[in-house]
Structure formats: C-alpha cells, structure tokens
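# Take a look and give me a structure for this.
(chains A, B, C and D)
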Number of protein chains: 2
Amino acid sequence: MTEIKKYQPALAKDDLYAIPIDDFFKSAFSVDCVIFGYHEGELKILLIQRGAAPFENFWALPGDLVYPTEDLDTAATRILGDLTSINDVPICQVHTFGKVNRHPLGRVITIAYLALVETTEINPIAANWAKRTAWHPISDVPKLAFDHGEILEEGKIALQKMVMTEHIWSKVLPEKFTLTAFQELFETLLDKKFDKGNFRKKLSKMKFLTKSKEAQTNVSHRPSALYSFDEKKYDEMAKKGFVFDF
Amino acid sequence: MTEIKKYQPALAKDDLYAIPIDDFFKSAFSVDCVIFGYHEGELKILLIQRGAAPFENFWALPGDLVYPTEDLDTAATRILGDLTSINDVPICQVHTFGKVNRHPLGRVITIAYLALVETTEINPIAANWAKRTAWHPISDVPKLAFDHGEILEEGKIALQKMVMTEHIWSKVLPEKFTLTAFQELFETLLDKKFDKGNFRKKLSKMKFLTKSKEAQTNVSHRPSALYSFDEKKYDEMAKKGFVFDF
DNA sequence: TAATGTAATTGTAAATTTTACAAAAAGTAT
DNA sequence: ATACTTTTTGTAAAATTTACAATTACATTA
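Now for the predicted structure:
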C-alpha cells in the first residue's frame, strides 16, 4: 500500500466518486478583488476590461490564478498590483466561491478579497492582460465576467458588515478631516442618514477621534475643527467588543 | 497562439513566475468542518482521530479533499457525513486557509465550514478513514493535525460573531424551551453573564420568542413558561439590520 | 396542612441614553 | 455692518438601561 493510496480521501457510500488521488490535484484557484472606492459621498467599484479569454473584453473584477508556490494572501496583493498597478493597499478575505462550472477552462475556485480606498488617491493603471481599468458607480455596474456579479453582491454585504466592526474606513479620509466628512462617509457606506448633532455626540463618546488644534480654512462659513483617527483607542474599544450601532 | 496561451495568467514583472498554464492546475482543495456542540452550558468541538497519513492518529477537524466535480457547499456536507455520519446539519462557510506548506502532500488550500449543534442530539460515528470521533471541551483541545489549531481559533471567533447576527443557535434548543435555558445558551456562547430580569426584558422587546401555553413540569420550584423561536419574526428584524447587543 | 426552599416572574426608581429639535458661534461674502 | 452658511453646543422630553427588590408558583419537608 503506497503512501498515496493511504491518503485516498473518503469515498462516497456508492463508490461513485472512487477516483485516484492524482485526479484531486488537477484544480486551480484564483483570487478576485472587490475594490471599493469612496470619494465625496460616492461609492464606486474598480473593474478591469479583460484582454484575454475567456470572457475577453468583458468587464470583471481584477483577479487571476494563484501560483502553486504562493501564499493566498500574498497572491491577492500581487494580483491586484499586476493587473491594476495598485500596491500598498491592505485587502482582506471575504468569501470563497466554488461552483463546479463557474470557470469554463476547468475547476477553479476563487477566493474573494476586499478593500476600501479613496477613489482619487489611487491611480489604477491597466497592466498585463488587463485592457483597461475603470471605476464604476456601485449603482450602475455592467454585466460581469464569470460569477463576478454574484461576488460583487456578496462584497457589498461584507463591506457594510465590516464598516461596523473594523476600521476598514480609516485610510479613506485624509489624515485630518471634519466630522461632517466623517458623517458623509458613513452615510454613504451604510446608506442611511443621521442627525448631525446626535451623530457627533455619539462619536465623542467613542473617543477614537481626537480633535486637533487646526481648523478648516478657505470655507465661506464657520470653519470646522479637524479630527484624526486614533487607532490605538479604537482597538482598545474593539477588544471590549464594541460595534458601531448607528 | 493557442487558447491556453491566451489565458496565461498575469506574469510578475521579473518573470519569476512565468510558468505554463498547466502547472496552475495541479492543486487540490479540501473542506474542514468546525462543528461546535452545545449542551447544558458546555461548549465542545467535534474531532476525529485520523486513520490515514499524513498525521495518522492525530486528532483533527473532520475534513477531506473535495472532488473535482463537486460544488464546494455540497462537498462540505458530504465530507462531514462521510467521516462522522452526521447528516442534515446545515453548515456555513467561514474562511479559507491557503499557506503554501500547510499540507505535506502538495498544494492544498482548505475552506473551513462551521456549525453549531446540540451535543446529545447528534450521534457522530466514525466512518471511512476516521478511526474515531469525540467531543472535546472547547477549553481543552489536544494538538491538532495540519493547521487545524489555527482554523479552530478562527472558528471560535466566527461563532461568536454569528451568534449575534444570525440564528445559528436556533436548532440547538428543543422546540419549546425556558428563558433560563435560552439565557444559559447565550452566556455560554458569548462567555458573559447577564442579569436575569433585564435579559428577558430585552428579549421580550425583540418579539421573536413566543410564549406557549405550556409550562415546565416536574421541577421543585415555580415552573417556567415555555417559549418557541419564531423564525419569520426574527428574519423581519434581521432585515431591518438588528443585532443582538447584549 | 403549614412552613420552607427554589427559581420564575414582575416591578421599580435612579441613571443613562436617545431623539428631535433649537440656539449660538465663527467664519466668508455682500 | 449685515446676511449667509455651516459648525457647534444645548436642551427638554422620551425611551432605555441598570441594579436590585418584591412577588409568585410550584415541590418538598416538617
């Protein structure tokens, strides 16, 4: 009995699936990146136009096969960079999609990763087999390649959940920002409106925004104080199990 | 230019990874099941003792390779059944683990699935290459095969999050249950204590537990009313974006 | 049968938070 | 100086949370 035979996986009761172990090692997996862009109250999604079969010319999420010698998280970052020239953006895993026929060229399961960035601070440049890149308003997305439509929908749900439990939003605003900008960000991401006075009262109780001595300039009205995000304070609170509950 | 060449994935800038497309299709993927069992204030985890290499004789999460012609979700259910004889338990995806060297026999990424069941209502029977099955107290788990220790830790965190946002707990209690039993369940899962009076006041506002006309019998104290879970009501509230916030 | 023990259930008052606004403040533009 | 705009603070009523205390309903024991 060989080493390989020993590792033969479980067989279904009717032996329907009794296939040699080698046949299991004929799959591939890919990463698809759901990159949301926020700017001044508008949420967009980053797409590429595919310059390679299958689904050539279709719009799609930036994604590609993972190298056999590459860690999953590493691959996600690398692939995003390879196709869109976006680097240094932390992305996090969301969900894995594994329907048998989701990919026309063979068995490929795909792991979706997600990030939220400031639309104008990122400069996506199509590279490799990506023909072009474009930000599409979240409310007006074309038909996508593969099952990317489904992946995007899951991504939207995951984004809203993460907004309330992680500081995924913290790199979207500039170093110093007004509370109004902060509120607009949350109103956009959560698709809700908040009372201005009450919103900031809740925030001040949360302690993780610290007021600086600087103020807004060049506005034709009372200038706003500028705040900054205190990650340490946030983590303290998060550890105690708090969630945004607006 | 062949069809395959066309689909060649993105190349890294330095061509380090320029390998033929076929080499991508040499991976496998597996499912590992994190099955939590609850009974009378005790949380346990279901493990199997492996009867096959690698990690023969090690305790491990029930898991195995996915067939190339099998949907991911289908595989999860099938594998759990094959190894532990547990069927009809809904399990949900949690996270995918994809470090290059996590599996000694080749590149295998694994997708973790999770469920919560009533320990005594499930009768796990080792089957196939599983030597035996056992419930281990969550606080006393042996060293596990592969990276299953890490997967279990992630599973614990995911369980707590899900308890607050989904009714993953709803099949754990009997059809009719006391509010005290309900409270004990949540205290166990969230590892917190609650004030009895206040806990049930919050519950009554949530509306998804309906009081039946029956009461507890054979208890040497005032008998408790029995309640049942109203899934429809729960879903209504969940749709409006509510979370348990005890 | 009455008293006792136990846990379920309801009650309550003080403290806190939420809500829906209103008023005041601090700048530019006219 | 006045108007305008948005920030910032204030406030009173309503609702909720909190920390207990009191009451209730059963079985068991005296």
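
# helices or strands up against the helix ranked longest in chain A?
In chain A, with assignment by DSSP state H, the single longest helix is helix A:148-165. When contacts are defined as 3 or more C-beta pairs under 8 Å, 6 or more residues apart in numbering or on different chains; DSSP states H and E, helix A:148-165 sits against strand A:28-39, strand A:92-97, strand A:108-118, helix A:179-190. Bear in mind the C-beta positions are built from the backbone N, C-alpha and C, glycine included.

# could you dump these to CSV with mean pLDDT and mean neighbour count?
Output for the helices and strands packed on helix A:148-165, formatted as CSV (pLDDT from 0 to 100; neighbours: other C-beta atoms under 10 Å in any protein chain shown):
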stretch, mean pLDDT, mean neighbour count
strand A:28-39, 98, 24
strand A:92-97, 98, 20
strand A:108-118, 98, 23
helix A:179-190, 97, 18
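
# got JSON lines for the ones you listed, with distance to DNA strand D too?
Formatted as JSON lines, the helices and strands packed on helix A:148-165 follow (distance: least, C-beta to the nearest atom of the strand, whole Å):
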{"stretch": "strand A:28-39", "distance to DNA strand D": "17"}
{"stretch": "strand A:92-97", "distance to DNA strand D": "30"}
{"stretch": "strand A:108-118", "distance to DNA strand D": "19"}
{"stretch": "helix A:179-190", "distance to DNA strand D": "3"}
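
# Rebuild those as CSV, extending it with distance to residue B:175.
Shown next, in CSV, are those (distance: least, C-beta to C-beta, whole Å):
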stretch, distance to residue B:175
strand A:28-39, 40
strand A:92-97, 32
strand A:108-118, 38
helix A:179-190, 37
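
# need the helices for chain A, in chain order.
A:3-6, A:72-84, A:148-165, A:179-190, A:196-206, A:231-239.

# Between helix B:148-165 and the longest helix of chain A, find me the angle.
Using axes from the mean of the first three to the mean of the last three C-alpha atoms, to 10 degrees, the direction of helix A:148-165 lies 80 degrees away from that of helix B:148-165.

# Give me the pLDDT for the residue lying closest to residue A:68 once chain neighbours are set aside.
Of all residues not flanking residue A:68 in the chain, residue B:107 sits nearest, at 5.0 Å (C-beta to C-beta, 6 or more residues apart in numbering or on different chains). On pLDDT, residue B:107 comes in at 96.

# repeat for residue A:3
You'll see residue A:3 listed with a pLDDT of 36.

# correct me, but residue A:160 touches residue A:190?
Yes. With contact defined as C-beta atoms under 8 Å, residue A:160 counts as touching residue A:190 (6.2 Å).

# residues touching the nearest residue to residue A:27 once chain neighbours are set aside, list them.
Closest residue in space to residue A:27, ignoring its immediate chain neighbours: residue A:107 at 4.3 Å, by C-beta to C-beta, 6+ apart. If you count contacts by C-beta atoms under 8 Å, 6 or more residues apart in numbering or on different chains, residue A:107 has them with A:26-28, A:100, B:25, B:68-69.

# Show the buried residues in these.
With burial judged by 16 or more other C-beta atoms under 10 Å in any protein chain shown, the buried subset of the contacts of residue A:107 is A:27-28, A:100, B:25, B:68.

# and these as a markdown table, adding distance to DNA strand C?
Shown next, in a markdown table, are these (distance: C-beta to the nearest atom of the strand, whole Å):
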| residue | distance to DNA strand C |
| --- | --- |
| A:27 | 49 |
| A:28 | 49 |
| A:100 | 47 |
| B:25 | 53 |
| B:68 | 52 |
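
# contacting residues for residue A:73?
For residue A:73, the contact set (C-beta under 8 Å, 6+ apart) comprises A:93, B:98.

# Report pLDDT for it.
98.

# again, but for the one 4 residues further on
With respect to pLDDT, residue A:77 scores 98.

# Quick one: low-confidence residue ranges for chain A.
A:1-18 (pLDDT under 70).

# Can you pull up the residues of it that come close to DNA strand C?
Contacts of chain A with DNA strand C, taken as C-beta under 7 Å from any atom of the strand, map to A:195-198, A:201-202, A:205, A:215, A:218-223, A:245.

# bridging residues for the residue positioned nearest the centre of chain A?
Closest residue to the average C-alpha location of chain A: residue A:114 at 1.5 Å, with C-alpha atoms, centre = their mean. Taking DSSP bridges as the rule, residue A:114 bridges to residue A:34, residue A:92.

# shouldn't it be in contact with residue A:156?
No. Counting by C-beta under 8 Å, residue A:114 stays clear of residue A:156, with 9.7 Å between them.

# taking the helices of chain A together, which one is wrapped up most tightly?
Mean neighbour count (mean count of other C-beta atoms under 10 Å in any protein chain shown) peaks for helix A:72-84 among the helices of chain A, with a mean of 22.

# quick one, it and strand B:108-118 angle?
120 degrees.

# quick one, helix A:72-84 and strand A:92-97 angle?
For helix A:72-84 against strand A:92-97, the angle by the same axes, to 10 degrees is 90 degrees.

# Determine how far helix A:72-84 lies from the middle of the whole chain.
Here helix A:72-84 shows a centroid-to-chain-centroid distance of 12 Å under the convention C-alpha atoms, centre = their mean, to the nearest Å.

# and that helix with strand A:28-39, angle?
Going by the same axes, to 10 degrees, helix A:72-84 makes 60 degrees with strand A:28-39.

# OK, contacts around residue A:226?
By C-beta under 8 Å, 6+ apart, the residues touching residue A:226 are A:176-178, A:211-212, A:214-216.

# and stretch A:185-202, is it in reach of chain B?
No. Using C-beta under 8 Å from any C-beta of the partner chain, we find that stretch A:185-202 stays clear of chain B, coming within 8.8 Å at best.

# What is the end-to-end distance of that stretch?
16 Å (C-alpha to C-alpha, to the nearest Å).
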